[in-house]
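> sequence plus predicted model, see below.
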Amino acid sequence: MWPKSWQAKNSYSHPMSTTSFTYKLDAGQQERLIRVLRQGNVRPVEMPYTRIAADAEGCRIALYTSGKCLVQGKGAQDWVLYNLEPLVLQQAGLGYEEELDPAVHDPHMGIDESGKGDFFGPMVIAAAYVNKPLAKTFAQNGVRDSKTVSSDRKAEEMAREIRKILQERYAVVTIGPRAYNRLYAKMRSVNAILAWGHARAIENLLEKVPDCPRALSDQFGPKSQVEKALLRNGRSITLEQRPKAESDPGVAAASILARAGFLAALRRLGEQYEINVPKGASDRVRTVAGELVAAHGPEVLLDTVKCHFRTTDAVLEAVGQTRDALPPEGRVTSKQSNRKWGK
């Protein structure tokens, strides 16, 4: 249940359907909220009688001069769970998951990935075990979906804490660019690679926690893809997928571990080639990739990027090359999903 001091102040009656949250903040909490809004990924707005107001994804946050904080909108619940509680209130208050979904704190593993949309670097899939005591510890340490953590440094700090909390009860699978390009040329589908990586993470964690009964991940494709990719040791586990699974404590922990693994891999890549490797697929990414090709030849892309991205064509075109300059596994694009290597 919620702390008694909050129950009378919150403007909702059923947390699964609410789009409005109201809190009375003390002076310290108000200052923390102001810092969070000024430093976060939000858009400032002008509102009368407020100290600060801003629009975040799917919601508006307003701190009134009275000290009342109002969070409204379809994304309000997520913003309270992942930002207001851990960063401002500094304690877990929603606490309704266990009542509405009794299985949320039952022993299970959460799985999530990082790097899927980044041109440079690997795809990293992590699995994290959770039970009721671990979930409570995660909540006390502010563990949340990595997408709500704006700072890479903070995400890596959280990953170190999660590893300490879990000890050996986690698994991280890193599919480096060379292996990723080989898998894509064979599977012709990002979701198929994700399913393969999820299966490997599940099996690796089951070696450490063999009695884990259930695995939960975000919805990314048919569950049967993961089931088919599982080997004998993983076929007895119950697989679940659902939208916004990052609200689950195990999936949230896995998302942080995967992001930290991806960031570490980018650093190693940068050290290897003596460059600052950017994230995403921006103009800066294309520029750096072009510099690599100019210095090391087109084949360097197989060891540094996900070649099926259209960015590969732009990079090669800029240096007067085409995909024909790449080995067969680097020539495959998403439009060639039914063609054989090099054809």
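Here it is on my side, so go on.

> which stretches in the stretch 51-200 of the chain count as strands?
Using DSSP state E, counting those that start in this stretch, the strands found in the stretch 51-200 of the chain span residues 59-64, 68-72, 108-114, 123-130, 170-175.

> looking at these, which is buried most?
Comparing these by mean neighbour count (mean count of other Cβ atoms under 10 Å), strand 123-130 ranks first with a mean of 30. Just so you know, the C-beta spots here come from the backbone N, C-alpha and C atoms, and that holds for glycine as well.

> just want the angle from it to strand 170-175.
170 degrees (axes from the mean of the first three to the mean of the last three Cα atoms, to 10 degrees).

> who are the packing partners of strand 123-130?
strand 108-114, helix 152-166, strand 170-175, helix 190-208, helix 249-273 (3 or more Cβ pairs under 8 Å, 6 or more residues apart in numbering; DSSP states H and E).

> repeat the analysis, applying 6 Å as the threshold.
strand 108-114, strand 170-175, helix 190-208, helix 249-273 (3 or more Cβ pairs under 6 Å, 6 or more residues apart in numbering; DSSP states H and E).

> so how far is the first residue of stretch 166-174 from its last?
Stretch 166-174 has an end-to-end distance of 19 Å (Cα to Cα, to the nearest Å).

> contacts made by it with the rest, please.
122, 124-129, 197, 200-201, 204-205, 208-209, 257, 261 (Cβ atoms under 6 Å, 6 or more residues apart in numbering).

> so where's the stretch 1-150 of the chain shaky on pLDDT?
Filtered on pLDDT under 70, the stretch 1-150 of the chain yields the residue ranges 1-18, 91-103.

> if we can go back for a sec, which of the helices and strands packed on strand 123-130 sits most buried?
Of all those, strand 108-114 carries the top mean neighbour count, a mean of 28, counting by mean count of other Cβ under 10 Å.

> tell me what angle it forms with strand 170-175.
30 degrees.

> packing partners of strand 108-114?
strand 123-130, helix 190-208, strand 214-218, helix 249-273.

> buried ones in stretch 216-232?
For stretch 216-232, a neighbour-count test (16 or more other Cβ atoms under 10 Å) marks Leu216, Ser217, Asp218, Phe220, Gln225, Val226, Ala229, Leu230 as buried.

> any chance of the helices and strands packed on strand 123-130 in TSV with distance to Leu301 as columns?
Below are those laid out as TSV (distance: least, Cβ to Cβ, whole Å):
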stretch	distance to Leu301
strand 108-114	20
strand 170-175	16
helix 190-208	17
helix 249-273	12
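
> looking at these, which is closest to Arg35?
Nearest of the helices and strands packed on strand 123-130 to Arg35, taken as Cβ to Cβ: helix 249-273 at 21.4 Å.

> helices or strands up against the helix or strand following the closest one?
Scanning forward in sequence from helix 249-273 by DSSP states H and E, the next helix or strand is helix 283-296. Secondary-structure packing of helix 283-296 (3+ Cβ pairs under 6 Å, 6+ apart): helix 311-318.

> tell me the angle the helix it packs on makes with helix 283-296.
60 degrees.

> buried residues in helix 311-318, which are they?
Those would be Thr311, Thr312, Val315, Leu316, for helix 311-318 by 16+ other Cβ under 10 Å.

> spatially central, which residue of this structure would that be?
Ser255 (4.2 Å; Cα atoms, centre = their mean).

> OK, contacts around that one?
By Cβ under 6 Å, 6+ apart, the contact set of Ser255 is Asp112, Asp145, Ser146, Glu246.
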